[in-house]
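Enquirer: Here is my input; please provide its structure:
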Amino acid sequence: MTIPCTQEENIGKFKEFMENSKGLKATIFTIAVAILLQVGTFIFLWGGLTTIVKVHDKAIDRILGKLDNVKIVGYAIAGEKK
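Expert: Numbering: from 1, shown residues only. Down below sits the predicted model:
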C-alpha cells in the first residue's frame, strides 16, 4: 500500500498561487499610489481654496468698511444718528 505524496501537490499549488499573486501585488500597489495622489491633490487644492477665501474675506471687509463710512457721512449730512 502506497500513500500518495500530497506535499508535491501542495508545493505546486503554492507556486501557482505566488505566480498569480504577482499581478495582484502590482494592482494593490497601483491602487494605493492612486489613493495617495488623490489625497495629496485634495489637500493641495483645499489649501489653495482656503487662501483664496482669506483674500476675498479681506476684500469684502474693506468694501464693507467703505460702505460704513459712506453711511456715517450720509447720516451726518442728513442730521440723523444711527
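
Enquirer: in this structure, which segments are predicted with low confidence?
Expert: Within the chain, the stretches with pLDDT under 70 are 1-7, 71-82.

Enquirer: Now name the helix or strand holding the spatially most central residue of it.
Expert: By Cα atoms, centre = their mean, the chain has its centre lying nearest to F42, at 2.7 Å. Assigned by DSSP states H and E, F42 belongs to helix 6-78.

Enquirer: neighbours around G48, how many?
Expert: Residues within reach of G48, counting by other Cβ atoms under 10 Å, total 10. C-beta coordinates here come from the backbone N, C-alpha and C atoms, glycine included.

Enquirer: gap between it and T27?
Expert: Relative to T27, G48 is positioned 32 Å away (Cβ to Cβ, to the nearest Å).

Enquirer: do the same with L45
Expert: L45 is 27 Å from T27, by Cβ to Cβ.

Enquirer: Same check on I63?
Expert: For I63, the distance to T27 equals 53 Å [Cβ to Cβ].

Enquirer: do the same with T50
Expert: Taking Cβ to Cβ, one finds T50 at 35 Å from T27.

Enquirer: ok, residues contacting stretch 42-57?
Expert: Around stretch 42-57, nothing counts as a contact under Cβ atoms under 8 Å, 6 or more residues apart in numbering.

Enquirer: what's the spacing between it and its chain's center?
Expert: 13 Å (Cα atoms, centre = their mean, to the nearest Å).

Enquirer: Alpha carbons only: can I get it in PDB?
Expert: Extracted in PDB, the C-alpha atoms of stretch 42-57 (Å, rounded to 0.1, in the frame of the first residue of the first chain):
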ATOM      1  CA  PHE A  42      -7.200  67.300  -2.400                       C
ATOM      2  CA  ILE A  43      -5.100  68.700   0.400                       C
ATOM      3  CA  PHE A  44      -3.200  70.900  -2.100                       C
ATOM      4  CA  LEU A  45      -6.500  72.300  -3.600                       C
ATOM      5  CA  TRP A  46      -8.100  72.700  -0.200                       C
ATOM      6  CA  GLY A  47      -5.100  74.800   0.900                       C
ATOM      7  CA  GLY A  48      -5.300  77.000  -2.200                       C
ATOM      8  CA  LEU A  49      -9.100  77.500  -1.700                       C
ATOM      9  CA  THR A  50      -8.500  78.500   1.900                       C
ATOM     10  CA  THR A  51      -6.000  81.100   0.700                       C
ATOM     11  CA  ILE A  52      -8.500  82.500  -1.800                       C
ATOM     12  CA  VAL A  53     -11.200  82.700   0.800                       C
ATOM     13  CA  LYS A  54      -9.000  84.600   3.100                       C
ATOM     14  CA  VAL A  55      -8.100  87.100   0.400                       C
ATOM     15  CA  HIS A  56     -11.700  87.600  -0.500                       C
ATOM     16  CA  ASP A  57     -12.700  88.000   3.100                       C
END
